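Novice: quick one: sequence plus predicted model below, questions after.
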Amino acid sequence: MPVEERFWTHRLRWRLRGGSWLWPAFGLAVVVDAAILHFLPPVGSEQQLNAPAGLNLVGDLIVAGFTNLFLVAAIAPWLARRLTERPVPEGQIPPPYELHYGRTAAILMAVAGAGLVVAGLGNRPLIVSETKATETNARLVREHVMNSGNAEMKRNLETANTARLASDFFRTCIANDHRTRYWCFFVDTKADPPKLSRDADSRPNSLVAPGG
């Protein structure tokens, strides 16, 4: 086979290989990254994890799609051009841009997915800690109401509303029968043992701690 014909045969094979790397890797990366974001979110809290799963999954797919598209459309072409411009030993056929592009994009998406796993695993202890603090707050308030509360307070236990004032500090309020006054409690879950104290302010969390 003539040298020129062999050269173009190699380049055609490399181009096909480069293209075959890219789009299957992109589709797989979007699905895998969305699953990682859904089950191992790198940021957020237990309240976000308890949001409707369907809405979360759609949002995760959108974020994963745009993130991988940025890698494929912006970062990978820049790196592929740099690799294509590198000199090769005399007598060797230089790989075409398409091969570098496909491989680089696939590697970038794999690295991004691995980074999401690491970040998600790092955030997991924080989420577990927040969940335990929330459960401790609810348990202390319920125990106090059932053991020391009056009949009206017990009747309205289901109206309990909690605002997180700090990572381990909560304000939980229970309405009276007419929803005009509230019994409110501060709960410090960081203390050992956790402490519950009465708040003299009878206003609801919507007025006292609207951002909590």
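Specialist: Now that the structure is in, tell me what you want to look at. Residues are numbered from 1 along each chain as shown.
Novice: can you give me the strands in the protein?
Specialist: For the chain, strands defined by DSSP state E occupy the ranges 161-166, 169-175, 182-188, 195-199.
Novice: got these as TSV, with mean neighbour count and distance to A74 columns?
Specialist: (Glycine included, C-beta is placed from N, CA and C.) Putting the strands of the chain into TSV (neighbours: other C-beta atoms under 10 Å; distance: least, C-beta to C-beta, whole Å) gives the following:
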stretch	mean neighbour count	distance to A74
strand 161-166	16	38
strand 169-175	22	43
strand 182-188	21	48
strand 195-199	14	52
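Novice: mind checking those strands for the one nearest to A209?
Specialist: Relative to A209, the nearest member of those by C-beta to C-beta is strand 161-166, separated by 4.0 Å.
Novice: picking up where we left off before, which of the strands of the chain has the lowest mean pLDDT?
Specialist: Looking at the strands of the chain, the lowest mean pLDDT belongs to strand 161-166 (a mean of 90).
Novice: mean confidence score for stretch 61-76?
Specialist: On average, stretch 61-76 scores 92.
Novice: possible to save the strands of the chain as a markdown table with distance to A29?
Specialist: Output for the strands of the chain, formatted as a markdown table (distance: least, C-beta to C-beta, whole Å):
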| stretch | distance to A29 |
| --- | --- |
| strand 161-166 | 35 |
| strand 169-175 | 40 |
| strand 182-188 | 43 |
| strand 195-199 | 48 |
